[in-house]
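> got a sequence here, can you build the structure:
(chains A and B)
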Amino acid sequence: MEVVEEKKKYINLEVVQKKMATRILLNKLVKYLFLLSTLFGLVVLAVLLYRVYIDSVGWLNLDFLRNRLSTNPDRAGIVGAIVGTVWLMIIVGPVTMFLGIGTALYLEEYAKKGRIHSFIQTNITNLAGVPSIVFGLLGLTIFVRVFGLGSSIIAGGLTMSLLVLPIVVVASQEAIRSVPQFLREASFGMGATKWQTIKHVVLPTSLPGILTGVILALSRAIGETAPLVVIGIPALLIPVPNSMFDTFTALPMQVYYWTIDSVLVDEYANLAAATIIVLLVILFIMNSIAIIIRNKFQKRY
Amino acid sequence: MVGLQVSTKIEKEKIKTTSESVKKNVVLHTKDLNLWYGENHALKNINLPMLENEVTAIIGPSGCGKSTYIKTLNRMVELAANVKVSGEIIYRGQNIFTKSYRVEELRTRVGMVFQKPNPFPKSIFENVAYGPKIHGIRDKKVLKEIVEKSLRGAAIWEEVKDRLNENAYGLSGGQQQRLCIARCLAIEPDVILMDEPTSALDPKSTLKVEELIRELKENYSIIIVTHNMQQAARISDKTAFFLNGEVVEYDKTDSIFSTPVDSRTEDYITGRFG
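This is a model prediction of the structure:
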């Protein structure tokens, strides 16, 4: 009996061989299933880009970029929307960077880890999921009405900053957390203050991660429409803004209104398509910069 | 109760050692030091007078509190959460735990070299110039002089003088550790704390660092934690043996290794445990 016990096998070779074919088949099937999932998104994107491109052919030219808005599709241009978008970024960039990195530094380097810390942390993470239209309402209440800024660039910019703030905070926190503790110790060990350590060691080391977050946030801000609609940014605006207290319009707003009004004037659809191309090109450039920064400045330690 | 007996014995020992070497001043004097990490009583009634221009080695098995103790000497231990301290450490006549004592000033006088080489991800030059810069030196010429002097002091100048602008992470582990020593010398400290500075190095680099420590004690007071007893015997003047957060024995290194008073010290240095 004992000998039999020793030789007893739990793996039955026959069963294994019988099931082998199905296992291998499933293995292959799964691979194609995932490939299909990937292709689905890519194909839809390609179709969209193709349609937009076809619609915009003949409409996207230098005059389109240079001209002001007009009800006549042949003379209409988006210089106002481009300038408005640039202005918006001039506000959103610095405000988001300062508030976002400041918050991340406070949470990672100063705040005591405890209940309050994790409460704030949870809220920031959740804030990233709040719909942009809700941020629009917030901006309408606080910046447009309470602060009396009206539908100005500064009101739009501050609203947009709030919207993308969580992205910068979370990305910066991650970057700051990845700075090894031994580098901070080395700095403190030489009598550096906390701020000196942050300025000379923590920030330079975490800069690639932080900048990547900032550019991703700006890319999001540049394409957001809902908050601008809510705070009452007009699309049919002929003057070009020249200070941050002027009313303005931005590229996504222009796309939004032209798309809606394309039922009235067919050519507006072509103008919207041309504007989308401009917006996508700007986005593409910004994302490329993010990738270049991430690859180039990544330091090893 | 054992702890109390031990500390009274150390008191006697202390009187003996101070009377023997009248010429040398006590640079760091630990008195009745207790330290807790939360509920964990990590250091118990430590009393140690450490002398100027000497190498004091701290030995003991893992988890005996030797690293905690050396980090207490420049208050780096406070970077950990929930640390509570009682007692005094007198550095040049002042208790470093008093509220008005600025920790940044303490760490400028009491420098530290860490277990793992930890250069900044900057150039060799910037690594050494970091300390002087944060203390306000901006003059390029002065910085250059400090960098050269510190690198020479750490016996690494010849190896790096042609590549000062290269990243410090291109150096070997042993070179990185000597760079860290140079970086520490650049703030011209009075005391240098070394927390197992050779534990991450190969034997050849270890030898170089040990030679360096012997040279450095001419101008600095050095306190070194080591798990390597041969190293303690080779380079130190005094040795303190830590066990379970207490100082079991503190004496001249020769006496500790030849005629230990406490049987636990003898057991440890003869390799019966630890």
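> any idea how far the spatially closest residue to A:Leu162 that is not a sequence neighbour lies from A:Ala250?
Among residues not flanking A:Leu162 along the chain, A:Phe135 sits closest, at 5.7 Å (CB to CB, 6 or more residues apart in numbering or on different chains). (Each C-beta comes from the backbone N, C-alpha and C, glycine too.) A:Phe135 sits 15 Å away from A:Ala250, taking CB to CB, to the nearest Å as the criterion.
> what do you get for A:Leu140?
With distances taken as CB to CB, A:Leu140 is found 16 Å from A:Ala250.
> quick one on the thing from earlier: more crowded one of A:Phe135 and A:Ala250?
Taking other CB atoms under 10 Å in any protein chain shown, A:Phe135 and A:Ala250 do not tie; A:Ala250 has more neighbours (31 against 23).
> touching, the more buried one and A:Gly80? I think so.
No: the pair A:Ala250 / A:Gly80 is not scored as a contact, 9.4 Å apart, by CB atoms under 8 Å.
> next, count neighbours for the closest residue to B:Ala186 other than its chain neighbours.
Leaving out its chain neighbours, the residue that sits closest to B:Ala186 by CB to CB, 6+ apart is B:Ser150, at 4.1 Å. The tally of other residues near B:Ser150 (other CB under 10 Å) stands at 25.
> mind checking how far B:Ser150 is from chain A?
12 Å (CB to the nearest CB, to the nearest Å).
> so what's that residue up against?
B:128, B:182-183, B:185-186 (CB atoms under 8 Å, 6 or more residues apart in numbering or on different chains).
> can you name the next helix or strand after whichever helix or strand A:Thr259 is part of?
For A:Thr259, the element it lies in under DSSP states H and E is helix A:251-261. Counting by DSSP H and E, the next helix or strand C-terminal to helix A:251-261 is helix A:267-297.
> quick check: mean pLDDT of that next one?
Averaging pLDDT along helix A:267-297 yields 87.
> what's the angle between it and helix A:251-261?
Interaxial angle of helix A:267-297 relative to helix A:251-261 (axes from the mean of the first three to the mean of the last three CA atoms, to 10 degrees): 150 degrees.
> what packs against helix A:267-297?
helix A:13-56, helix A:62-66, helix A:79-105, helix A:203-223, helix A:251-261 (3 or more CB pairs under 8 Å, 6 or more residues apart in numbering or on different chains; DSSP states H and E).
> which one of those lies nearest to chain B?
Nearest to chain B among the helices and strands packed on helix A:267-297 is helix A:203-223 (6.1 Å), distances taken as CB to the nearest CB.
> centre of the chain to the closest one, how far?
Going by CA atoms, centre = their mean, to the nearest Å, the spacing between the C-alpha centre of helix A:203-223 and its chain's C-alpha centre is 9 Å.
> what do you get for stretch A:84-96?
Worked out by CA atoms, centre = their mean, stretch A:84-96 lies 14 Å from the chain centre.
> neighbouring contacts of it?
So stretch A:84-96 is in contact with A:153-154, A:156-158, A:160-161, A:164-165, A:168, A:214, A:217-218, A:221-222, A:241, A:244, A:248-251, A:282, going by CB under 8 Å, 6+ apart.
> mind running it again at 6 Å?
A:153, A:156-157, A:160-161, A:164-165, A:168, A:217, A:221, A:241, A:248-251 (CB atoms under 6 Å, 6 or more residues apart in numbering or on different chains).
> among the residues you listed, which one sits closest to B:Ile134?
Set against B:Ile134, the nearest of those by CB to CB is A:Val168 (27.6 Å).
> three-state assignment of the closest residue to chain A within chain B?
Distances from chain B to chain A, computed as CB to the nearest CB, single out B:Thr108 as the nearest residue at 3.5 Å. Counting by DSSP: H, G, I helix; E, B strand; the rest coil, the backbone at B:Thr108 sits in helix.
> who in the stretch 151-300 of chain A is up against chain B?
The stretch 151-300 of chain A comes close to chain B at residues A:182, A:186, A:189-193, A:196, A:299-300, as judged by CB under 6 Å from any CB of the partner chain.
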